[in-house]
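**Student:** No letters, just coordinates:
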């Protein structure tokens, strides 16, 4: 399995996690209600994980999995028809165009981590990452004559990150209220 991720986004997530941890003692020292102090830090840490750390592409021999902020989509390779790089990485399937959170611009810096390969992550630009994805997209089958009478379904699954989105909204509201109290 190959995982394509954005190390710059992950580095920013780590910086925000350090800042979130540092804010708790500062808020506790300043006085006020001590139980309100960790709430804004928890919000910062959770959003950093959901928005900056979690998004990635996973390439396996069977499928392409896109993990975004809002959902995880898994596409059987037969359903992927094209990978575009006009504004970042866009995956075209039989369902339509899927714009991704990971590479939203052409200048995004990415890296590929291959399971079992020594040496760690390989730096990539958007075009090189798209080429890695395109390498797994099968060529359209040649069709001589009528279509087959039976067709094996190539699944596309979407799993919404409803709890993640709800948690970001609730933590955002609670963090705003807590910050107003501090």
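**Tutor:** Right, received. Where do you want to start? Computed from a prediction, not measured in an experiment: that's the story for all the values here.
**Student:** What is the neighbour count of residue 65?
**Tutor:** 18 (other CB atoms under 10 Å). For the C-beta atoms, the positions are set from N, CA and C on the backbone; glycine is no exception.
**Student:** For it, which non-adjacent residue is closest in space?
**Tutor:** With CB to CB, 6 or more residues apart in numbering as the criterion, residue 65 has its nearest non-adjacent residue at 4.0 Å, and that residue is residue 58.
**Student:** Measure how far stretch 5-15 is from the centre of its chain, please.
**Tutor:** Relative to its chain's centre, stretch 5-15 lies at 12 Å (CA atoms, centre = their mean, to the nearest Å).
**Student:** Please point out which parts of it sit buried.
**Tutor:** 5-6, 9-10, 13 (16 or more other CB atoms under 10 Å).
**Student:** what do you get for stretch 104-113?
**Tutor:** Using 16+ other CB under 10 Å as the test for burial, stretch 104-113 gives 108, 110-113.
**Student:** What is the end-to-end distance of it?
**Tutor:** Terminal residues of stretch 104-113 lie 20 Å apart, using CA to CA, to the nearest Å.
**Student:** Find out how far that stretch is from the centre of the chain, if you would.
**Tutor:** Distance, centroid of stretch 104-113 to centroid of chain: 12 Å (CA atoms, centre = their mean).
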